[in-house]
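**Student:** sequence and computational prediction follow.
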Amino acid sequence: MNRLTLMILFLMLYVSITAQNEVKRLPQLKAGKIDNVIAAMSIQDKVYMLMGLGDNNWTNPPVGDKTVIIDGEAGLTWSISKFGIPPTVLTDGPAGLRIEPHPQGKDFTRFCTAFPTATALASTWNAALVENVGKALGNEVLEYGSDVLLAPAINIQRNPLCGRNFEYYSEDPLVAGKLAAAMVRGVQSNGVGTSLKHFVANNIETNRKTINEVVSQRALREIYLRGFEIVVKEAHPWTVMSSYNRLNGFYTSENYDLLTNILRDEWGFKGLVMSDWWAGADAVAQMNAGNDLLMPGCYQRQELLDAIKYKNIDEKVLDRNLNRVLTYILKTPRYKGYVYSNKPDLKAHQLVSENAATEGMVLLKNDNNTLPFKKVKRVALFGKTSYRYIAGGTGSGEVNYDYAPTINESFEKNGFQVDKPLEEIYKQFIDSINKQSSKNDLKFNVDFHPELSLSKAQIAAQVKKSDLAIITIGRNAGEGSDRSIADFSLSDTEKQLIRNVSEIFHAAKKKVVVVLNIGGVIATADWRDEPDAILLAWQTGQEGAYALVDILKGTVNPSGKLPMTFPMTYSDVPSAKTFPGEPADNPVNAFYNEGIFVGYRYYDTFKVPTAYEFGYGLSYTKFEYSKLQLSSDKFKDLITVTVNVKNSGKKAGKEVVELYLHAPALQLEKPVQELKAFAKTDELKPGQSQTMKFTIDSSSLASFRTDKSSWVAEKGTYEVRIGASSNDIRLKSNFLLSDDITVEKVHNVLYPNFPIKELHY
Ligand code: BGC
């Protein structure tokens, strides 16, 4: 070794030791040390930490942490190893994980459980059940190496055509809020985070990244913000995701009033706000607003670096947001060094999913006790989706599950005889659909393809060989576009199929059941008279087809109820004239002219008949309601309501009990009734009763007075209505509030940037 080599070696050693010492001197991310870390960071470090890693090259992320598998995950946060800051992983979504089941370069699979969609979960009205689903889902987040589930999504189902309604819970903010809070509790009990999304008023997918939703302050407070408020206050999600849309002129991700004044100051949110993927237009405005993290991150880096250079943003703003990002990272399994297994207990989760699926299905019609069917051995299965079960929707709401058994497979597994020649006709049809299309979209081809038209002779050929006909009607949708009125309606072929099967089977004194394997509301009024029974199966995850047969044959008694209204026609929907927005072919603004009169608040107040009302759902047994008692007939701080529910029928079952309030409306117009509480009974045996207990506090009495920016409970007589649905009120009682109460004064913010011609009665 010559002198030169020696000197070079020595120099290298010196540089490496100095670098190591320097790293040692740098503060490391630890509880209580966040400010020190921030103080040691360069502007570039800070800017990079405030956005995700970007959307390229996820299979081999340049983060230096070889334990992170990124293949199909939605995004990564930035990492800086010299400060001990690991990358964290963010993964979709609402009905189960969306990750690549065959990660590149790995010799194992990572299938995830497809749980029922949020709409189907909401139809259970069962918070304990939803929490349990959350627990199982969160375990998959943890064991597949992720840190945050990008869910739940709780935008209001304002219009049936919104393409993402299946990801959302309800048209009512209390149902959405209470059940999503249960989901957050369940997921986060695993030590992983959630991202409550999309904050706020993301009710339209058409032009979703630019559309301006024009909403009154009252409708925002009472309808669109309310569910988020419940979840934030009751379940403390780690993160909130701001939405794509503009609201009253401003992007939500750039809106300080929304993300700071309301979310943090009024509701006490302590977590992190991230943007939706590529949302908003102005990174500086986003930072100032309190949108701490920009996802997936990339092009805004230079924008923020320039902003600092030209003093367009105060560095303190970056530090504030960075503090929230680092506080979040400290909580993650990745920071804590959790060694994930890639082996969640999929068998156990399968059962959780099936149980949720059976409770989420809603029996809409059951003439002459057609269901549960008796003496049925041979079934004729009509409709393409009898042979391809739609477990969930598309887009980021999709789940990469292993397999969802189909309805025909489920019948066979349960020992029924499925008519084979009919099955063959549909299987050939499905094959031909798949052959016609490109390989990439095989999974959803069948769902979006028009239904097969069968001749009367083909239908008649089944009658003798079958004891019963089932017709499955399927629909699918996903983010990025809304549904059309044609998709809401049944096609002529579908209606013809229902008509012909019903006529031919009824002539032979055999029954016909329609199963709806759909993600959102469809037309029912123009065909529902024809079949004997209708079961709304929703998109109930990978076990849906098993759950469905359990209900049809009576192993399980249906107990789901509608978390939204099924209107008589699309034109009855209060936002039908304004959806998606103006101009209709390429909307810029969406005017929420119906104001607070969304869903049943509209139908009930304006006495518009519906096909199936909010809160509706049949059972194989009957429930009697009695002994409605109020703790007082004068309101002070709280009223306790108790009611007795008895199973007076012949089959064990559960009942959803709904509490509506009819409030005095002297100072303000009000919906004729609003849901203020709900609960589900345990499974009651025939003859068994349960006492249900609800509490009503002053916030349940309050409406939003825009002129005072306050929630005000108006004095007068309040009627408590206990119902089995919004139209089926069984018991009523009154109490008096002797003086107005200002329950809360809030910021006067988020006023519309255009006049709204709001609906009045
Ligand atoms: C969706 C979000 C989703 C994100 C990441 C966006 O397009 O709106 O709901 O979490 O993508 O996949």
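**Tutor:** Cool, the structure landed.
**Student:** give me the pLDDT for the spatially most central residue of the chain.
**Tutor:** Against the mean C-alpha coordinate of the chain, by CA atoms, centre = their mean, the closest residue is Tyr168 at 3.1 Å. Note for Tyr168: predicted pLDDT of 98.
**Student:** one more: Lys443?
**Tutor:** Predicted confidence (pLDDT) at Lys443: the value is 77.
**Student:** that one belongs to a strand?
**Tutor:** No. Lys443: not assigned to a strand; according to DSSP: H, G, I helix; E, B strand; the rest coil it is helix.
**Student:** let's see the one helix or strand Gln629 maps to as CSV, backbone CA atoms only.
**Tutor:** Per DSSP states H and E, Gln629 falls inside strand 623-630. Listed in CSV are the C-alpha atoms of strand 623-630, where the atom choice follows Å, rounded to 0.1, in the frame of the first residue of the first chain:
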residue,chain,number,x,y,z
PHE,A,623,-92.0,-6.1,17.0
GLU,A,624,-94.3,-4.4,19.3
TYR,A,625,-93.4,-1.0,20.8
SER,A,626,-94.8,0.0,24.2
LYS,A,627,-94.2,2.0,27.4
LEU,A,628,-92.7,5.1,26.0
GLN,A,629,-91.4,7.1,29.0
LEU,A,630,-89.7,10.4,29.3
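**Student:** and it, what does it pack onto?
**Tutor:** Based on contacts counted as 3 or more CB pairs under 8 Å, 6 or more residues apart in numbering; DSSP states H and E, the elements that strand 623-630 packs against are strand 638-647, strand 716-723, strand 729-737. Placement of C-beta: from N, CA and C, glycine included.
**Student:** ok, and what's touching that strand?
**Tutor:** Outside of strand 623-630, the residues within contact range by CB atoms under 8 Å, 6 or more residues apart in numbering are 639-649, 653, 655, 657, 681, 684, 691, 720, 722, 724, 730-733, 735.
**Student:** and whichever residue of the stretch 451-600 of the chain sits closest to the ligand, how many neighbours?
**Tutor:** The ligand sits closest to Glu479 of the stretch 451-600 of the chain, with a gap of 5.5 Å, by CB to the nearest ligand atom. Neighbours of Glu479 under the rule other CB atoms under 10 Å: 22.
**Student:** can you show me the helices along the stretch 101-250 of the chain?
**Tutor:** In chain order, the stretch 101-250 of the chain shows helices spanning 118-122, 127-143, 173-188, 217-219, 226-235, with DSSP state H, counting those that start in this stretch as the criterion.
**Student:** between helix 226-235 and the second one, find me the angle.
**Tutor:** Pointing back at helix 127-143 there. 70 degrees (axes from the mean of the first three to the mean of the last three CA atoms, to 10 degrees).
**Student:** average pLDDT across helix 127-143?
**Tutor:** Mean per-residue pLDDT for helix 127-143: 98.
**Student:** may I see the buried residues of that helix?
**Tutor:** Of all the residues in helix 127-143, those buried under the rule 16 or more other CB atoms under 10 Å are 127, 129-143.
**Student:** what's the answer for the first one, then?
**Tutor:** Buried positions in helix 118-122, judged by neighbour count with 16+ other CB under 10 Å: 118-122.
**Student:** let me know the closest of the residues you listed to the ligand.
**Tutor:** For the ligand, the closest of those turns out to be Ala118, at 11.9 Å, with distances computed as CB to the nearest ligand atom.
**Student:** how about the contacts made by that closest one?
**Tutor:** Applying CB under 8 Å, 6+ apart, one finds that Ala118 lies in contact with 94-95, 151-154, 166-169, 180.
**Student:** ok, and which of these reach the ligand?
**Tutor:** Intersecting the contacts of Ala118 with the surroundings of the ligand, defined as CB under 6 Å from any ligand atom, gives nothing.
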